[in-house]
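[1] this one's structure only:
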């Protein structure tokens, strides 16, 4: 079973507008409200792939109850730890031919006792898990290096971790003695970590940077390149992944969907090529849909076959 962890979930609200008018009233004809946060996007896509998945993390208040009800309606297993604070909203205004303006609430403050209660629950879930994903931001009150603690906890049970975070949280996790099994940084995050730009067309540069000491012990490094695919290091092997052009409808959640595809394929013990194809195709399929963290599985096979994975 794959366990997904979302420490700062949200209700993702989408407002599509032809034009965003400032300092006046904007009337929205259609509103979408989805159980969101990066980890829940991962959960939903794994569920759509018919993988065995359970969502955990922190939920609170009326918004938390809404998210739990949505997951129940979709038939998704979940076991969240309750907190006193209200789970946040994340608002995306889609306007003016492809522009996107986001309004992200900070979310609730989590107490030390609430965090301890969650950890007690996670200990029990890890006994049954084959893989765990750690995704997204941390709610207020949670230490910036908290994912490092969860990496150690997962290692205690022999569970591999896929980590999708950034900034100080990612750096702290990579400095841990217990490394994530897989990370998915973009080129900007690589540059922030290393202090050096990744030149994607320079093979020797790529190999040198992804072999930096900070990545030692990380089995999979999947560097997202957006429409250009990905560069990947698995142990000592490097891959270039090329993807076909698609019509992008809504790119939000595509990175989460990529993590979902990678987790699903890794859990199924597929080949390197298929693992990377699944990661890329689920990200692309999400971008082709209006709903965030959703794929049309009917289009998977044909698109997956167009993804080229080559050793570097």
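    Now that the structure is in, tell me what you want to look at. For clarity, every value in this text was computed on a predicted model and none was experimentally measured.

[2] which residues touch residue 239?
    When the contact criterion is C-beta atoms under 8 Å, 6 or more residues apart in numbering, the partners of residue 239 are 230, 231, 232, 233, 272, 276, 309, 310, 311, 312. (Glycine included, C-beta is placed from N, CA and C.)

[3] tell me which of those residues fall in strands.
    Members of the contacts of residue 239 lying in strands (criterion: DSSP state E): 230, 231, 232, 233, 309, 310, 311.

[4] in CSV: those residues, plus neighbour count, pLDDT and distance to residue 49.
    Formatted as CSV, the entries for those read as follows, by neighbours: other C-beta atoms under 10 Å; pLDDT from 0 to 100; distance: C-beta to C-beta, whole Å:
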residue, neighbour count, pLDDT, distance to residue 49
230, 25, 97, 19
231, 24, 97, 24
232, 25, 98, 20
233, 21, 98, 25
309, 19, 98, 19
310, 10, 97, 25
311, 8, 96, 26
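
[5] first-to-last residue distance for stretch 31-40?
    With C-alpha to C-alpha, to the nearest Å as the measure, stretch 31-40 spans 19 Å from end to end.

[6] other residues contacting that stretch?
    Taking C-beta under 8 Å, 6+ apart as the criterion, the residues outside stretch 31-40 that touch it are 4-15, 44, 55, 57, 66-67, 70-71, 90, 133-137, 164, 255-256, 259, 290-293.

[7] grab the nearest non-local neighbour of residue 165.
    The shortest distance from residue 165 to any residue other than its chain neighbours is 6.1 Å, reached at residue 147 (C-beta to C-beta, 6 or more residues apart in numbering).

[8] determine the number of other residues adjacent to the one you found.
    The local packing of residue 147 (other C-beta atoms under 10 Å) involves 25 other residues.

[9] now the strands for the stretch 151-300 of the chain?
    The residue ranges that make up the strands of the stretch 151-300 of the chain, judged by DSSP state E, counting those that start in this stretch, are 160-164, 182-183, 220-224, 230-234, 237-242.

[10] let me have these in a markdown table, extended by distance to residue 303.
    Shown next, in a markdown table, are these (distance: least, C-beta to C-beta, whole Å):
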| stretch | distance to residue 303 |
| --- | --- |
| strand 160-164 | 22 |
| strand 182-183 | 22 |
| strand 220-224 | 17 |
| strand 230-234 | 15 |
| strand 237-242 | 13 |
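
[11] quick one: contacts for residue 277?
    The neighbourhood of residue 277, defined by C-beta under 8 Å, 6+ apart, consists of 265, 304, 307, 309.

[12] out of those, which are inside helices?
    When DSSP state H is applied, those are split such that 265, 304 fall in helices.

[13] which one of the contacts of residue 277 is nearest residue 207?
    residue 309 (16.9 Å; C-beta to C-beta).

[14] hang on, residue 185 packs against residue 166?
    Yes. Counting by C-beta atoms under 8 Å, residue 185 touches residue 166, with 7.2 Å between them.

[15] neighbour count: these two, which is higher?
    When neighbours are counted by other C-beta under 10 Å, residue 185 and residue 166 differ, and residue 185 comes out ahead with 23 against 17.

[16] chain neighbours aside, what residue packs nearest to the more buried one?
    Once its chain neighbours are removed from consideration, residue 185 has its nearest residue in residue 223; the separation is 6.1 Å (C-beta to C-beta, 6+ apart).

[17] got it, and residue 272?
    The shortest distance from residue 272 to any residue that is not its chain neighbour, by C-beta to C-beta, 6+ apart, is 5.8 Å, and that residue is residue 234.

[18] ok, the one you found to residue 289 distance?
    Spatial separation of residue 234 from residue 289 under the definition C-beta to C-beta, to the nearest Å is 29 Å.

[19] measure residue 295 to residue 261 for me?
    Applying C-beta to C-beta, one obtains 9 Å for the distance of residue 295 from residue 261.

[20] kindly report the same for residue 276.
    Distance check for residue 276 against residue 261: by C-beta to C-beta, it reads 9 Å.

[21] give me the most central residue, this protein.
    When the chain is reduced to its mean C-alpha position, the nearest residue by C-alpha atoms, centre = their mean turns out to be residue 256, at 3.3 Å.
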